[in-house]
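# Make a model of this:
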Amino acid sequence: MDTFLHWLQHETSGLLTLCAVGIAVLLLMIIKFRIEPFIALIVSGLLIALAAGLSVQEIVGTAQKSSESLLEGGFAGILGHITAIVGLGTILGSMLEASGGAQLLTRRLLAAFGERRAPLAMGLSGLVFGIPVFFDIGIFVLAPLVYVVARQGKRSILLYCLPLVAGLSMTHAFLPPHPGPVVAAGLLGVDLGWVILMGFACGIPAFIASGLLYPVWIGNRIHLPVPEDMLAAADAVAEKNAAEGRRDPSLGTVGFIIGLPMVLILGATFGSVTLPKGSTALNVLTFFGNPTVALTIAVLLSFWLLGTRRGMTGKEISELTGAALRPLGMILLVIGAGGFFGKVLAETGVGEALAGSLQSTGLPVLVSAYVISSGLRIAQGSATVAIVTTGGIIAPLLHAGDYSQAQLALIAVAIAAGSIIASHVNDGGFWIISRYFGIPVKDMLKSWTVLETILSVVGFAMAALLSALVP
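As a prediction, this is how the structure comes out:
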């Protein structure tokens, strides 16, 4: 028994076996027993820590003090970095949604591009509006416009809904303030400004391939009409808005609110490269370009420009903010539990053993990150679980290398790209799209699943290409 424990806790092969069993237990609990991912991550992390021989004090602390334990430290480390960013981004998106900014943007794009290029307009709507709002919220808000445009065009609904969801998916996967890229940045220790730059550089080509080119090809081969009940729902939304006399904000205001935090964050990133350390200009850019500060400014401006200036009361804004934050609980729990899981892998030596094994195969870290993330995504369906687990596994590999911020950002993009590959029946987004656009499961597999795979593969290919070029 002692020999077995020594092998399991100290030998590379034993540590790798421990890691494999821990991940297998994690997937079994999520897939087979339908246990909530955050509970499965905690249980898997505790089992690995105990099996690796860590003391109870190291794992959970003592009755008097537990703040330095792996359990609390793992949760606090990642949540301290991302909670405010994700929360503020969610509030900003809810203000844009409630003000009618999304519908305004889409209508203006449709008017500018015309009926013939309506799929392009829908894709750009998803791309722009997807920056501040969650993927599913974007679908809920913009779906009625898809129904109307598809009815007018008299063509397959796939031609219009796929570009929209591709834009929403790209921003959700690759750009802050969405949880995935923010978590990846926190786990790998990379500045969010670099994640934004590399997210755009990798995500735009991936969006063009998956959201503009592929929908034209598949939309001309699978003809699906707009469901009648969806058309009735779209007409009801239009009638309600007309009856309420809702006054839309200006397009400039919407663009300003969406773009301001991006500009502030990127200003701090470029300032850190071009300005002398300790200079007043750099300090100003660093303060206002901090993601939490930048998003707080944008949120406060949205309260005024999209809220009070357009007749909303303080009570209405407060209720809207509270409603927007309620769904974040489960997301943050999963992220926190993933932080604990990753910290256990690092503390037990499993991460270092895995790092050595991956390095011995000759695979670059960026490729390893993508492969691991893709495997976890396909197996259990959650992009967030794939990202937090992969981040915990990959982080030890980075300690031995001298990686620049740009290179770390590309590794974060590779993890995010792997986390969206091959969306199928174990992914909640699969069923949201199927329900909202009336797409049968077999056609979802031919359209949405393939689209997500193209988005993932092209995004990763761009990250691999750029990693060979950036210092």
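# alpha carbons only for contacts and neighbour counts from here, please
Noted.
# same question for stretch 394-409, mean pLDDT?
Mean per-residue pLDDT for stretch 394-409: 84.
# Just the C-alpha atoms of that stretch, please, in CSV.
Extracted C-alpha coordinates of stretch 394-409, given in CSV (Å, rounded to 0.1, in the frame of the first residue of the first chain):
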residue,chain,number,x,y,z
ILE,A,394,-2.1,24.7,-18.5
ALA,A,395,-1.0,27.4,-16.0
PRO,A,396,2.0,25.3,-14.6
LEU,A,397,3.3,24.9,-18.1
LEU,A,398,3.8,28.6,-18.4
HIS,A,399,6.0,29.0,-15.4
ALA,A,400,9.0,27.3,-17.1
GLY,A,401,8.7,29.5,-20.3
ASP,A,402,9.3,33.2,-20.9
TYR,A,403,6.0,34.2,-22.5
SER,A,404,5.1,37.8,-23.4
GLN,A,405,1.7,39.2,-22.7
ALA,A,406,0.8,38.9,-26.4
GLN,A,407,1.7,35.2,-26.3
LEU,A,408,-0.2,34.6,-23.1
ALA,A,409,-3.2,36.3,-24.7
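# Tell me the spacing between the residue nearest to residue 426 when sequence neighbours are not counted and residue 419.
Nearest non-adjacent residue to residue 426, counting by Cα to Cα, 6 or more residues apart in numbering: residue 381, 4.9 Å away. Distance, residue 381 to residue 419, using Cα to Cα, to the nearest Å: 9 Å.
# Tell me which of those two has more neighbours.
Using other Cα atoms under 10 Å as the criterion, residue 381 and residue 419 rank with residue 419 on top: 32 against 26.
# From residue 314, how far out is that one?
39 Å.
# How about residue 37?
Distance, residue 37 to residue 314, using Cα to Cα: 36 Å.
# and what of residue 43?
In terms of Cα to Cα, residue 43 sits 43 Å off from residue 314.
# Look at those two and report which has more neighbours.
Counting neighbours by other Cα under 10 Å for residue 43 and for residue 314 shows that residue 43 has the greater number, 18 against 12.
# contacts for the strand or helix carrying the more buried one?
Per DSSP states H and E: residue 43 is located in helix 37-51. By Cα atoms under 8 Å, 6 or more residues apart in numbering, the surrounding residues in contact with helix 37-51 are 8-9, 18-19, 22-23, 25-26, 29-30, 56, 59, 330, 333-338, 340-341, 344-345, 348, 385.
# Give the buried residues for it.
For helix 37-51, a neighbour-count test (16 or more other Cα atoms under 10 Å) marks 37-49, 51 as buried.
# same deal with stretch 435-451?
Neighbour-count burial for stretch 435-451, counted by 16+ other Cα under 10 Å, picks out 436-439, 441, 443-445, 447-451.
# picking up where we left off before, contacts only, for the residue nearest to residue 426.
Contacts for residue 381 (Cα under 8 Å, 6+ apart) come out as 423-424, 426-428.
# Just say helix, strand or coil for the nearest residue to residue 425 once chain neighbours are set aside.
Closest residue in space to residue 425, ignoring its immediate chain neighbours: residue 431 at 7.3 Å, by Cα to Cα, 6+ apart. Assigned with DSSP: H, G, I helix; E, B strand; the rest coil, residue 431 falls in the helix class.
# Many thanks, we can stop here.
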